[in-house]
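> fold the following.
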Amino acid sequence: MLNTADLPDDVAALKAMLIAAQARETGKGAQIARKDERIERLEKLVAAFKQAAFGRRSEKTDPDQFDLALEDLETAMAAIHAADEADAPAGTKVSRPRASNRGSLPQHLPRIEEIIEPESLICACGGCLHCIGEDVSERLDIVPAQFRVVVTRRPKYACRACTDGVVQASAPARLIQAGLPTEATIAHVLVSKYADHLPLYRQVQIMGRQGVDLDRSTLADWVGRAAFELRPVFDALITDLKRSTKLFMDETRAPVLDPGSRKTKTGYFWALARDDRPWGGGAPPGVAFTYAPGRGGIHAEQILQGFSGILQVDGYAGYNRLIAPDRIGSDIRLAYCWAHARRKLVEITRNGSAPIAADGVKRIGELYRIEAELRGLDPEARLAGRQKRSASLIAAMQTWFVHHRTRVATKSPLGEALAYIAKY
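Modelled structure (predicted):
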């Protein structure tokens, strides 16, 4: 509180104090305005986030857009923390939540060490200082991508004593003959497009910032030619996968352009995968994606031509074509996934009290626990362990299914989940 005894009698000094007080109030008003603006921004982001997470099904946001909303929210919160720190008086510590996940720096990254020594190693008493320890901190640095030009010179040589001709080294093979890009450049374009989802027109814009003027159609030509050259690699990969005795298969929707209609239509990527690591298999993991215009079982049959063994799938009826009695081809046995069965029961437990569904999740969890203990053992040991420990649980679960299906409405969510599990 202002004490009149502390006020100066000099009019000029009083005016200076008044001007300083007004400046402080103006500064506080500006800070309040900035914080009000941040609060309004956060409220809008939170509303969008809630809509994406908890809105009606028809209004829910695409998962990728959900992540974008979360990024915006976290970015705005970081900006507010930084602004609060900047507005705080010097020497005042602003409390803020500790970052729970700052990331880790892999050991394989090169380390550029910077040693900062004191200005002087002479003590105030005149003696010499000696090192008793050090504080070490690490920060993540990046060297921005830089384009360069690879100049290839092939000198020509001729003999002065005769006229037998000119000698010159052969030109090295190129992915694109007489083209601008090196193979590394083409690989970068492919990874950016297909792994990082960076469209070609944006890559053209990035290159343009460094003065590399290319047209999008040029990059599209590179991608098309690279795809042609990579086809033998894909064929070799899928051939190697089909030599396996056990594979996974799944399909997922993908919007594709419908030429002439200015719209998109639904296509499907079929994934054929192998991962023998959990049980100590010798084959390396691998996955091959094949595009098909539909989801019918005929596409799975075409992709799997030449494969014989166990195919792990979900409960999609299209795969039944592979085990039809009148099918002509290699022998395929379908194995169904416990994770899909469990997922349907878990969804029911999340919507309220569901003791039957919860009991089913617990029973499947017991099978998971046994598999975790058997993982990594040789095939004979795993088979023996399953026959000894899991077979009785499966038999009991079969009885459990039959018992509860007679007590639950067929069209209820639980009835449909039990029917799905019992079917497979």
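> next, count neighbours for Arg34.
Arg34 has 14 neighbours, counted by other C-beta atoms under 10 Å. Backbone N, C-alpha and C define where each C-beta goes, glycine included.
> got a pLDDT number for it?
On pLDDT, Arg34 comes in at 72.
> was I right to think it contacts Ala86?
No - shown here, Arg34 and Ala86 do not form a contact pair, counting by C-beta atoms under 8 Å, at 10.1 Å.
> which stretches of the stretch 1-150 of the chain form helices?
11-54, 63-87 (DSSP state H, counting those that start in this stretch).
> for those, which has the smallest mean pLDDT value?
helix 63-87 - the lowest mean pLDDT of the helices of the stretch 1-150 of the chain, at a mean of 66.
> now the element after that helix, going C-ward?
Going down the chain from helix 63-87, the next helix or strand is strand 156-158, by DSSP states H and E.
> name the residues that touch that next one?
165-168 (C-beta atoms under 8 Å, 6 or more residues apart in numbering).
> can you check stretch 379-393 too?
With C-beta under 8 Å, 6+ apart, stretch 379-393 has contacts from 279, 363, 366-367, 370-371, 373-374, 377.
> what mean pLDDT does that stretch have?
91.
> how far out from the middle of the chain is it?
Taking the mean of its C-alpha atoms, stretch 379-393 sits 36 Å from the chain's own mean (C-alpha atoms, centre = their mean, to the nearest Å).
> export that stretch to CSV, keeping only CA atoms.
What follows is stretch 379-393 as a C-alpha-only set of coordinates in CSV (Å, rounded to 0.1, in the frame of the first residue of the first chain):
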residue,chain,number,x,y,z
PRO,A,379,8.6,-75.5,-31.5
GLU,A,380,8.5,-78.9,-29.6
ALA,A,381,8.7,-77.2,-26.2
ARG,A,382,5.9,-74.7,-27.2
LEU,A,383,3.7,-77.5,-28.4
ALA,A,384,4.2,-79.5,-25.3
GLY,A,385,3.5,-76.5,-23.1
ARG,A,386,0.3,-75.6,-25.0
GLN,A,387,-1.0,-79.2,-24.8
LYS,A,388,-0.3,-79.4,-21.1
ARG,A,389,-1.4,-75.9,-20.0
SER,A,390,-3.5,-74.2,-22.7
ALA,A,391,-5.6,-77.2,-24.0
SER,A,392,-7.6,-77.5,-20.8
LEU,A,393,-8.3,-73.7,-20.8
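> which parts of it are buried?
Residues of stretch 379-393 classed as buried: 382, 386, 389-390, 393 (neighbour count, 16 or more other C-beta atoms under 10 Å).
> same check, this time on stretch 172-181
For stretch 172-181, the neighbour count (16+ other C-beta under 10 Å) marks 175-176, 181 as buried.
> tell me which of these is nearest to Ala13?
Nearest to Ala13 among the buried residues of stretch 172-181, counting by C-beta to C-beta, is Pro181 at 73.6 Å.
> phi, psi for that closest one please.
In this entry, Pro181 is assigned phi and psi values of phi -80, psi 150 (degrees, to the nearest 10).
> which non-adjacent residue is nearest it?
The spatial neighbour of Pro181 that comes closest, neighbours along the chain excluded (C-beta to C-beta, 6 or more residues apart in numbering), is Trp222 at 5.8 Å.
> so where is this protein shaky, pLDDT-wise?
Along the chain, the parts satisfying pLDDT under 70 run over 1-6, 27, 38, 41, 44-45, 48-74, 76-77, 79-81, 87-103.
> domain parsing for it?
Domain assignment for the chain by automatic domain parsing gives 18-84, 180-232, 243-335, 337-424.
> for Tyr201, what are its contacts?
Arg216.
> alpha carbons only: can I get stretch 412-421 in PDB?
Extracted C-alpha coordinates of stretch 412-421, given in PDB (Å, rounded to 0.1, in the frame of the first residue of the first chain):
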ATOM      1  CA  SER A 412     -27.000 -57.700 -28.200                       C
ATOM      2  CA  PRO A 413     -23.300 -56.600 -28.500                       C
ATOM      3  CA  LEU A 414     -22.300 -59.400 -26.100                       C
ATOM      4  CA  GLY A 415     -24.300 -61.900 -28.100                       C
ATOM      5  CA  GLU A 416     -22.600 -60.800 -31.300                       C
ATOM      6  CA  ALA A 417     -19.200 -60.900 -29.700                       C
ATOM      7  CA  LEU A 418     -19.700 -64.400 -28.400                       C
ATOM      8  CA  ALA A 419     -21.000 -65.500 -31.800                       C
ATOM      9  CA  TYR A 420     -17.900 -64.100 -33.400                       C
ATOM     10  CA  ILE A 421     -15.600 -65.900 -31.100                       C
END
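> wait, which of the buried residues of stretch 379-393 is closest to Tyr194?
Taking C-beta to C-beta as the measure, Tyr194 lies nearest Arg382 of those, at 36.7 Å.
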